[in-house]
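> got a sequence here, can you model it:
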Amino acid sequence: MKKILIVSSVSRQFYLFEQGNIEVLKSLGYEIHAAANFNDVNERLDTLDIIRHHFDIERSPFSFKNSKAYYQLKHIMKSEKFDAIHCHSPIGGVLARLAAKAVGNCPVIYTAHGFHFYKGARFINWAIYYPVERLLARYTDHLITINKEDFKKANEFKAGQIHYVPGIGVDTDAFNNTALNREMKRMELGISDDTFVLLSIGELIKRKNLETLIRAIVKLENQNFVLLICGRGVLESFLKELTVSLEIQEKVRFLGFRNDIKEICIASDVFVFPSYQEGLPVSVMEAMSAGLPVIASEIRGNTDLIKNGVGGYLLSPDDINGFSESIQVLLEDAKLRKDMSVKNKDEVKRYDSSIIKNKMREIYSSL
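Okay, the predicted model is just below:
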């Protein structure tokens, strides 16, 4: 049986983003191994048919532990004699490609889930990550990028083959399931039928820029709304305290990590996503699949998905007034929301998970 090793920094990569790839690899007859730091282990991993290998990788490029992790990973590769390697994350991609080069002949796939150098990124990002990715592209048989900006930049590199595969896709049919009942989910959440529901999904970290959204809703004229925030993160306490200081704590609901995102999307009216940096956000694709207009930051990834004025609005990440005004427009115009809903549900079909799986099947088969 053929054996492939999927490498990432954290194990949640496998159940959040690799299920489609694992399904394709199984159908091609691969025995699937997964290497990561499994300190973030979750019971959802048990649903995957993978063989686990722990190594002490750290996400920080400055961690000395990564030198040890490199030797651990090289040992795993030597012991198992894999037929292929598929690596993810900046540090996972670095260590896996260096280890694969040291061990010997084995085709390597690297998926860049959003280069850390991009239009508007800090100089230090370009200084650290750009030369590393450019160099390691020489050790990469298939370099996969998930948005158009990264694909264009990757074509400056000397990788074996460079592909544009837009993320992991989204199961658009799952959002058309009649079992997803808007009224019942609202009742469960304690939200009345006439309340306007804003939704945002993502880690509560600086990169997701939820402070801009919270400050924007303070300015809304119509106060018959609620903002649902799904996710956890280090800024949770800060953001909750901010709502208190702005006296809008009754308008913002922190729902934490959720397994019912589809239902929550269906129960909402508008999706707001003011992030500073993205590769190709799955949460935006899910919102589009649910027929939600999207108000988002005008950044890489978001601009691939949303056409300004068609499926929603694109704004500078720090434009508090712009976010507030865009929300106000959609709050008051049900017909515009409906038109944008139709546009997004049609546009997101291009990113259906079945299309992504077919693209990955072609790449894996070519090995």
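> ok, now which ones touch residue 60?
With contact taken as CB atoms under 8 Å, 6 or more residues apart in numbering, residue 60 is in contact with residue 91. Quick note: C-beta positions are derived from backbone N, CA and C, even for glycine.
> where does pLDDT dip in this protein?
Under the criterion of pLDDT under 70, the regions of the chain flagged as low confidence span 177-179.
> doesn't residue 53 lie inside a strand?
Yes - remark: residue 53 belongs to a strand, assigned using DSSP: H, G, I helix; E, B strand; the rest coil.
> the residue nearest to it when sequence neighbours are not counted is in what secondary structure piece?
The spatially closest residue to residue 53, leaving aside those adjacent along the chain, is residue 35, at 4.3 Å (CB to CB, 6 or more residues apart in numbering). Assessed by DSSP states H and E, residue 35 sits inside strand 30-37.
> each with direction, which strands does that strand pair with?
Next to strand 30-37 in the sheet, as set by DSSP bridges, lie strand 2-10 (parallel), strand 51-54 (parallel).
> which of those strands has the highest mean neighbour count?
Ranked by average neighbour count under the criterion mean count of other CB atoms under 10 Å, the strands paired with strand 30-37 are headed by strand 2-10 at a mean of 22.
> now find how far off-centre that one is within its chain.
Relative to its parent chain, strand 2-10 has a centroid offset of 19 Å by CA atoms, centre = their mean, to the nearest Å.
> CA atoms of the helix or strand just after that strand as PDB?
Tracing the chain C-terminally past strand 2-10 and defining elements by DSSP H and E, one meets helix 12-17 next. Taking Å, rounded to 0.1, in the frame of the first residue of the first chain, the C-alpha atoms of helix 12-17 are listed here in PDB:
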ATOM      1  CA  ARG A  12      -6.500  20.600  14.300                       C
ATOM      2  CA  GLN A  13      -5.400  21.100  10.700                       C
ATOM      3  CA  PHE A  14      -6.400  17.500  10.000                       C
ATOM      4  CA  TYR A  15     -10.000  17.700  11.100                       C
ATOM      5  CA  LEU A  16     -10.700  21.300  10.200                       C
ATOM      6  CA  PHE A  17      -9.000  21.400   6.700                       C
END
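> buried ones in the helix or strand that helix 12-17 is followed by?
Later in the chain than helix 12-17, the nearest helix or strand by DSSP H and E is helix 19-27. Applying a neighbour-count criterion of 16 or more other CB atoms under 10 Å, one finds 20-25 buried in helix 19-27.
> of the residues you listed, which is the nearest to residue 130?
Looking at the buried residues of helix 19-27 and their distance to residue 130, the nearest is residue 21, at 26.5 Å (CB to CB).
> residues in contact with that closest one?
Residue 21 makes contact with 6, 86, 168, 360, according to CB under 8 Å, 6+ apart.
> helices of the stretch 201-350 of the chain, start to end?
Remark: helices of the stretch 201-350 of the chain, listed N- to C-terminal, are 210-217, 236-245, 261-266, 282-289, 302-305, 320-332, 334-347; assignment by DSSP state H, counting those that start in this stretch.
> so for residue 98, which of those helices sits nearest?
Closest of those to residue 98 is helix 282-289, at 28.8 Å (criterion: CB to CB).
> what's the spacing between that closest one and its chain's center?
Distance, centroid of helix 282-289 to centroid of chain: 10 Å (CA atoms, centre = their mean).
> same check on stretch 62-70?
Per CA atoms, centre = their mean, the centroid offset for stretch 62-70 relative to its chain is 25 Å.
> also stretch 9-27?
14 Å.
> kindly report the same for stretch 211-223.
Chain-centre distance of stretch 211-223: 25 Å, with CA atoms, centre = their mean.
> before we move on, what about stretch 284-303?
Counting by CA atoms, centre = their mean, stretch 284-303 is centred 12 Å from the centre of its parent chain.
> in that stretch, which residues are buried?
Within stretch 284-303, the residues scored as buried using 16+ other CB under 10 Å are 284-297, 299-303.
> repeat for stretch 97-108
Neighbour-count burial for stretch 97-108 [16+ other CB under 10 Å]: 97, 99-100, 103, 106-108.
> quote the end-to-end distance of that stretch.
From its first residue to its last, stretch 97-108 covers 7 Å (CA to CA, to the nearest Å).
> do stretch 40-51 as well
Looking at stretch 40-51, the gap from its leading to its trailing residue is 16 Å under the measure CA to CA.
> ok, back up a step: and the gap between the residue nearest to residue 53 and residue 92?
Remark: distance between residue 35 and residue 92 (CB to CB, to the nearest Å) = 8 Å.
> for the stretch 1-150 of the chain, what spans make up the strands?
In the stretch 1-150 of the chain, the strands defined using DSSP state E, counting those that start in this stretch lie at 2-10, 30-37, 51-54, 84-88, 108-112, 142-145.
> what packs against the fifth one?
Yep, that's strand 108-112 we're talking about. strand 84-88, helix 90-103, strand 142-145 (3 or more CB pairs under 8 Å, 6 or more residues apart in numbering; DSSP states H and E).
> got the buried residues for it?
In strand 108-112, counting by 16+ other CB under 10 Å, buried: 108-112.
> given it, what are its sheet partners and their directions?
Partners of strand 108-112 in its sheet, by DSSP bridges: strand 84-88 (parallel), strand 142-145 (parallel).
> many thanks, I have nothing further to ask.
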